[in-house]
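Student: Turn this into a structure:
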Amino acid sequence: MEKHEFRKNAADMIYLTACAINGKIPKQKRIEALDIPKLYEVCQKHILTACVAYALESAGINDHDFTQAKEKAIRKNILLDAERMSIFNRLEEEKIWYIPLKGSILKDWYPNLGMRQMSDNDILFDKNRRDDVRCVMKDHGFELKAAYEAVDEYVKEPIYNFEMHSELFMYYQVGDIADHYLEIKSRLLKDENNGYGYHFSNEDFYLFMLAHEYKHFIAGGTGVRSLVDSYIFLRKFGRSLDWKYIAAELEKLGIADFELNNRKLAINVFSMKQLSLEEKKQLDYYVMSGTYGTHENSVKNRVKYNRKGSDLRYLMYRLFPPMRILKASVPWAAKSKLLIPAAYIYRFFKGATVNRKVVAEELKYLGKSDQRF
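Tutor: Okay, the predicted model is just below:
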């Protein structure tokens, strides 16, 4: 699909999403101008297909693909809820503290079941019990798909995908934000109806949601659904939040400007207000990123947000990154200080061979990093 076609259908997707979450019936003139197959393609990229299906059905459009997506989303939400509770019950038995994250909570604040599609479930748990959690997941029939420094990915047929986090962020992803969330347990609130479950305050839920979206925003980009999530949350809790506390925490996290832009954009887009030229440019970044971002955005943003000075300084940063990034990218460097020089050499040769295309792409954007790409 050409970019202009993608943008046109994305505009229809956003309009229909706004109708769905605000309980409005789309205008007939707008419905008649839809290209349903192409609209479906764009919705799939942003995981907003079920949400848009509700809007189409309210206007009398019952497209097979959209209806199937909605019914699948409803079924998946129900199944994931049941599986998640089963895992929580086992964590209770094993006396392992845990907290469900983001999507599994947000989905219940959308107007209709399945409207917020779920691709996986994210759960944070006691990082000292990682081996025990692996046993729990194995006992529940899950296969360990991938193991990273701070998260294990589990899958089970037919539709189950769980990400079990021992930490919320890694330093190489978001720098000081990762440090801010290292000791998150002390800021969690205890559930009243169980022994080991926790939850965020509304303010901390919002802050974590933003930090998570910022991680994607400065990497490959983040899609329109993240703006919908923000709108849904702010509509439900915005007036009751302690904004002084949020402002102070945003300054610590270094994402105050991001929050302000994100909040204004989410509210204006899904309240169907007229956007300024700058807001249209911001929205286009979300639209063209898709749900999980693009490779091009990832390269551009890696240069833009890590440059912090001259091109030479950026090159030195990439050749000789801070210890936390070195140890994250070359895990065996953490075993001994004597291995650190070898780790730097290893990174250099890996960049010159295996990752040479990535390096070449970054070099292309040096000198442009003060501009809006």
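
Student: The residue nearest the centre of the chain: which element?
Tutor: By C-alpha atoms, centre = their mean, the chain has its centre lying nearest to Glu213, at 5.0 Å. Under the criterion of DSSP states H and E, Glu213 resides in helix 202-217.

Student: Distance from that helix to the middle of the chain?
Tutor: 9 Å (C-alpha atoms, centre = their mean, to the nearest Å).

Student: Remind me what it packs against, helices and strands.
Tutor: Applying 3 or more C-beta pairs under 8 Å, 6 or more residues apart in numbering; DSSP states H and E, one finds that helix 202-217 contacts helix 171-174, helix 176-180, helix 224-237, helix 243-253, helix 256-270. Where C-beta positions appear, they are placed from N, C-alpha and C, glycine not excepted.

Student: That one vs helix 256-270, what angle?
Tutor: Counting by axes from the mean of the first three to the mean of the last three C-alpha atoms, to 10 degrees, helix 202-217 points 90 degrees away from the direction of helix 256-270.

Student: what is the mean pLDDT for helix 202-217?
Tutor: Averaged across helix 202-217, pLDDT comes to 95.

Student: And the contacts of it?
Tutor: For helix 202-217, the external contacting residues (C-beta atoms under 8 Å, 6 or more residues apart in numbering) are 101-102, 105-106, 168-169, 173-174, 177, 180-181, 187-188, 199-200, 222, 226, 229-230, 233, 237, 240-242, 245-246, 249-250, 253, 255, 258-259, 262, 292-293, 301.

Student: one more time with 7 Å, if that's ok
Tutor: Residues outside helix 202-217 that contact it (C-beta atoms under 7 Å, 6 or more residues apart in numbering) are 102, 169, 173-174, 177, 187, 200, 222, 226, 229, 233, 237, 241-242, 245-246, 249, 253, 255, 258-259, 262, 293.

Student: what comes up buried for that helix?
Tutor: By 16 or more other C-beta atoms under 10 Å, the buried positions in helix 202-217 come out as 202-217.

Student: Repeat that for stretch 269-279.
Tutor: Buried residues in stretch 269-279 (16+ other C-beta under 10 Å): Val269, Phe270, Glu279.

Student: wait, Leu16 sits on Val52?
Tutor: Yes. Between Leu16 and Val52 there is a contact under C-beta atoms under 7 Å: 4.6 Å.

Student: can you map out the helices along the stretch 251-373 of the chain?
Tutor: 256-270, 277-289, 295-307, 311-319, 323-329, 340-352, 356-365 (DSSP state H, counting those that start in this stretch).

Student: Ranked by average pLDDT, which of those helices falls at the bottom?
Tutor: For the helices of the stretch 251-373 of the chain, mean pLDDT drops lowest on helix 295-307, to a mean of 53.

Student: Test my guess that Arg225 contacts Lys45.
Tutor: No. In this structure, Arg225 is not within contact of Lys45 by C-beta under 7 Å, at 10.1 Å.

Student: Can you classify Ile61 as helix, strand or coil?
Tutor: coil (DSSP: H, G, I helix; E, B strand; the rest coil).

Student: State the pLDDT value of it.
Tutor: Ile61 carries a pLDDT value of 96.

Student: and if you look at the one 3 residues further on?
Tutor: The pLDDT attached to His64 in the predicted structure is 97.

Student: Please apply the same query to Thr222.
Tutor: On pLDDT, Thr222 comes in at 85.

Student: again with the one 5 residues further on
Tutor: At Leu227 the predicted local distance difference test score is 97.

Student: one step back: what separates the residue nearest to the centre of the chain from Ser289, distance-wise?
Tutor: According to C-beta to C-beta, to the nearest Å, Glu213 stands 11 Å off from Ser289.

Student: which residues do those two both contact?
Tutor: Residues touching both Glu213 and Ser289 (C-beta under 7 Å, 6+ apart) are Thr222.

Student: mind listing the helices in the stretch 51-200 of the chain by residue range?
Tutor: Secondary structure of the stretch 51-200 of the chain, counting by DSSP H, counting those that start in this stretch: helices at 64-93, 103-106, 130-139, 171-174, 176-180.

Student: can you tell me which of these the model trusts least?
Tutor: Mean pLDDT values for the helices of the stretch 51-200 of the chain show the minimum at helix 171-174, a mean of 75.
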